[in-house]
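In: how would this look folded up:
(chains A and B)
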Amino acid sequence: MIEALIKIAIVIGGLMTAAAYFVLLERRMAAWVQDRVGPNRVGAPLSQLNKSWKDLRLFGLGQPAADGVKFILKEEYTPAHVDKRLFVLAPISILVAALATFAVIPFGSILPPGLLSDEPIALVISPGAGVGMLVVFALSSIAVYGVILGGWASNNKYSFLGALRSSAQLIAYELPLGLGILGVILATGSLDLDKIISAQAETGWWFAFTQPLGFFVFFVAAFAEAARLPFDLPECEQELIGGYHTEYSGIKLLLFLVAEFLHMIAASFLIVMLFFGGWHFWFITGADANPGWVQAILRVAVLMTKIFLVILFFMLVRWSWPRFRFDQLMAFAWKVMLPLGLINFVAVAAIDQFRTISGNTSPGMDLLCVAVAWVICIVAWVGISFAGPLVADNRPRADLNPFDIDSQI
Amino acid sequence: MTALLLAQTVLAISSPMTWGIGVGTAGLALRLAPQVAWQKLGLLLALIGIALIGVALPPLGEALPQVLFWLMATLAVLASGAAVTSRSPVYAAIWFAVSLLGTAGLFLLQGAQFLGIATIVVYAGAIVVTFLFVLMLAQPEGHSPYDRISWAGFAIPMAAIGVALVIGMLVGSLPDFAPVGPPSEVLHEEHVARLGGQLFARHLVSVEVVGTILLVALVGAIAIVIQGNPRRKPLVQESEAGR
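Out: Numbers count the residues shown, from 1 in each chain, chains lettered A, B, ... in the order given. You can find the predicted model right below:
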């Protein structure tokens, strides 16, 4: 009981700090990509204590604290035309769902017994949750409520449009997300995230290598579920002001923004654990179930490094790729991602069955299977791009009359 | 014989369970009344009914499961009552989702992990979200005056009596109220894998038939959409002429 409470405190504290500093990192990255300086001033305001001291800038590391204080002290305005109960419920539900996800996501492997307790400590809040992967899936579908309710309760055109778009997007991209996960579950035979990681650690083949198609599908779907650019249609500042949280201010807006960053962090955790071997790295971490202290700490470090790299990639993509148009978004989900996910599922099953029947477990067989998987990936990708080319032309289509264009949007 | 039946009846009538069901359903019926004062009385009666039923249930032994059970069970019952009695369809859908969360919590408490999570994924995550989607498009103002049914004075008491009878019969058919632990052979450590094995070995035909029916429904929906919106000829020539 106390152990679980300590873990909850560590996870929530770590996540909140991480979310705050990822905002700073994102702003600095944006500035770097756009050849600006970015927020680099706020540090320790020592001159407030003593006039003769100089302020410390600290590369803008004080910015998250300043932002947080600003959000909390700002006027928390509730417009008169909103549905007040749902207006309050929406940010709470989205943050609760985002935080609860981390109950089943491991943040390391396992700590050896002796120093802290007589038994090994699993570095996850609820160890032994046999359906961990499904819990993540369920909670991510609960997060849709926050968006829909926020948009509807605001009683505002822009909010409502944002909510409609996002519910359509989140529901559509749940399918490729699930298909990407299915391949991994089929290969490990378990829904437990810990078992999925150790399955990759034992063979040394991360699922990103053995199931490349599933990896691409899951990766793109995870971007869409986290509503990051190029999939940020729920918000799109330029068209909808802020989408579903246009009417929010103060601490309620902060809850929405934190939940958004938590979604991104959860998505990176899942990407790393399902496809990049979690805490495993060749020659460093080992694969046995009872690591020593050095290995246990190395595993946490490796996991955090991988997650940090994935988040950096999320932030780089944001400034490298323009937003999809809505019909492109839907066509991409149903005509590209869904068939690719199905092909991946069948391919994983077929390769697995082929290995079982042949009874050959040599490294050469592993290589052959990986090669076959990559060939299937490339062929499917090229085939899809010929069969249903995505209309990337953003000019209005002359061959459609206004009625048809309207129904697309 | 008659005396025994009479004694049983008297025992049943005097038990807190019977009173709880009666008072609770009366409260449910009052919640649907147009007057606000009656609605408040209905909420009070419903709470008293739940408390009475709770008194009749045997304790679980340990403190933590007991508290969790109370929390989840009360949440599920109250939320489903609110889902039935809410005037606004959006609120009704949200209360339904909350009652599903309570139900999923009860499943988890019994160790049925997959069932609990699947309830959330399928019902709360997919079906209720789709409901909400449609309701929001249809009724941005919440409820409208024509939602009030003129013959509600007859329907509501009948529905309440029906609910009371069904719950009473369900409770009466239970042998006794001893808490039942989760059956160990069903809830094996890898019960998800076992469930999958059962579904795709013993019930394979049913699964395939259900899948086919869903596919047919999907194709039918697409056919209806295409029929209502016939494909038009492109207007390239007109726009060319306009230039």
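
In: is stretch B:70-80 positioned near chain A?
Out: No - on the criterion C-beta under 8 Å from any C-beta of the partner chain, stretch B:70-80 is out of touch with chain A, staying 13.3 Å away. The way it works is simple: take the backbone N, C-alpha and C, and place the C-beta from them, glycine included.

In: contact partners of that stretch?
Out: With contacts defined as C-beta atoms under 8 Å, 6 or more residues apart in numbering or on different chains, stretch B:70-80 is touched by B:46, B:50, B:54, B:95-96, B:98-99, B:101-103, B:105-106, B:109.

In: put the alpha carbons of the helix or strand encompassing residue A:133 into CSV.
Out: Residue A:133 is located in helix A:132-153, with elements delineated by DSSP states H and E. The C-alpha coordinates for helix A:132-153 follow below in CSV (Å, rounded to 0.1, in the frame of the first residue of the first chain):
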residue,chain,number,x,y,z
GLY,A,132,-2.2,-3.4,-19.1
MET,A,133,-2.4,-2.7,-22.9
LEU,A,134,-6.2,-2.7,-22.9
VAL,A,135,-6.3,-0.4,-19.9
VAL,A,136,-4.2,2.2,-21.9
PHE,A,137,-6.6,1.7,-24.8
ALA,A,138,-9.7,2.1,-22.6
LEU,A,139,-8.4,5.3,-20.9
SER,A,140,-7.4,6.9,-24.2
SER,A,141,-11.0,6.3,-25.4
ILE,A,142,-12.2,8.0,-22.2
ALA,A,143,-10.1,11.0,-23.0
VAL,A,144,-12.3,11.7,-26.0
TYR,A,145,-15.1,12.7,-23.5
GLY,A,146,-13.0,15.6,-22.3
VAL,A,147,-12.7,16.9,-25.8
ILE,A,148,-16.3,16.4,-26.9
LEU,A,149,-17.8,17.7,-23.7
GLY,A,150,-15.4,20.7,-23.6
GLY,A,151,-16.4,21.6,-27.1
TRP,A,152,-20.1,21.1,-26.7
ALA,A,153,-20.4,22.8,-23.3
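
In: quick check: closest non-adjacent residue to the residue of chain B found nearest chain A.
Out: Of all residues in chain B, the one sitting closest to chain A is residue B:125 (2.9 Å; C-beta to the nearest C-beta). Of all residues not flanking residue B:125 in the chain, residue A:141 sits nearest, at 2.9 Å (C-beta to C-beta, 6 or more residues apart in numbering or on different chains).

In: also residue A:261?
Out: Here the residue nearest residue A:261, using C-beta to C-beta, 6+ apart, is residue A:19, at 4.1 Å.

In: on that earlier part again, give the next helix or strand downstream of the helix holding residue A:133.
Out: Downstream of helix A:132-153 (by DSSP H and E), the next one is helix A:157-188.

In: any weak-confidence spans in the stretch 251-400 of chain A?
Out: A:388-400 (pLDDT under 70).

In: what ranges does it have for its helices?
Out: A:293-318, A:326-331, A:338-358, A:363-387 (DSSP state H, counting those that start in this stretch).

In: do the same with chain B
Out: Here chain B has its helices, by DSSP state H, at B:2-14, B:16-31, B:36-56, B:63-85, B:89-109, B:113-119, B:128-138, B:152-173, B:191-201, B:204-228, B:236-242.

In: re the thing from before, separation between the residue nearest to residue A:261 and residue B:119?
Out: 30 Å (C-beta to C-beta, to the nearest Å).

In: one step back: mean confidence for the helix holding residue A:133?
Out: For helix A:132-153, mean pLDDT is 85.

In: got the contact list for residue A:229?
Out: By C-beta under 8 Å, 6+ apart, the neighbours of residue A:229 are A:317-319, A:321, A:323.

In: go with 6 Å
Out: Residue A:229 makes contact with residue A:318, according to C-beta atoms under 6 Å, 6 or more residues apart in numbering or on different chains.

In: SS state for it?
Out: For residue A:229, the secondary structure call by DSSP: H, G, I helix; E, B strand; the rest coil comes out as coil.

In: how much space is there between it and chain B?
Out: For residue A:229, the distance to chain B (C-beta to the nearest C-beta, to the nearest Å) stands at 24 Å.

In: repeat for residue A:224
Out: For residue A:224, the distance to chain B - C-beta to the nearest C-beta - is 16 Å.

In: for the one helix or strand that residue maps to, packing partners?
Out: In the assignment (DSSP H and E), residue A:224 maps to helix A:212-225. Here helix A:212-225 touches helix A:157-188, helix A:250-275, helix A:338-358, helix A:363-387, going by 3 or more C-beta pairs under 6 Å, 6 or more residues apart in numbering or on different chains; DSSP states H and E.

In: possible to save the ones you listed as CSV with distance to residue A:283?
Out: Output for those, formatted as CSV (distance: least, C-beta to C-beta, whole Å):
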stretch, distance to residue A:283
helix A:157-188, 23
helix A:250-275, 19
helix A:338-358, 25
helix A:363-387, 16
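
In: closest one to residue A:67 among those?
Out: helix A:250-275 (8.7 Å; C-beta to C-beta).

In: okay, buried residues for the closest one please.
Out: For helix A:250-275, a neighbour-count test (16 or more other C-beta atoms under 10 Å in any protein chain shown) marks A:250, A:252-275 as buried.

In: the inter-axis angle of it versus helix A:132-153?
Out: Put simply, helix A:250-275 runs at 150 degrees to helix A:132-153, going by axes from the mean of the first three to the mean of the last three C-alpha atoms, to 10 degrees.

In: helix A:250-275 relative to helix A:293-318, how many degrees between them?
Out: Put simply, helix A:250-275 runs at 120 degrees to helix A:293-318, going by the same axes, to 10 degrees.

In: that older thread, ok, so of the contacts of stretch B:70-80, who is nearest residue A:213?
Out: residue B:101 (35.1 Å).

In: what pLDDT does the model give the closest one?
Out: Predicted confidence (pLDDT) for residue B:101: 91.

In: now swap in the one 3 residues further on and tell me
Out: What the model reports as pLDDT for residue B:104 is 91.

In: circling back to that earlier point, weakest of the helices of chain B by average pLDDT?
Out: Averaged per stretch, pLDDT over the helices of chain B is lowest on helix B:236-242, reaching a mean of 47.

In: circling back to that earlier point, I'd say the residue nearest to residue A:261 and residue A:257 touch.
Out: No - the criterion here is C-beta atoms under 6 Å, and residue A:19 misses it with residue A:257 at 8.4 Å.

In: give me the number of residues near the nearest residue to residue A:333 once chain neighbours are set aside?
Out: Closest residue to residue A:333 apart from its sequence neighbours, by C-beta to C-beta, 6+ apart: residue A:172 at 4.1 Å. By other C-beta atoms under 10 Å in any protein chain shown, 18 other residues sit near residue A:172.
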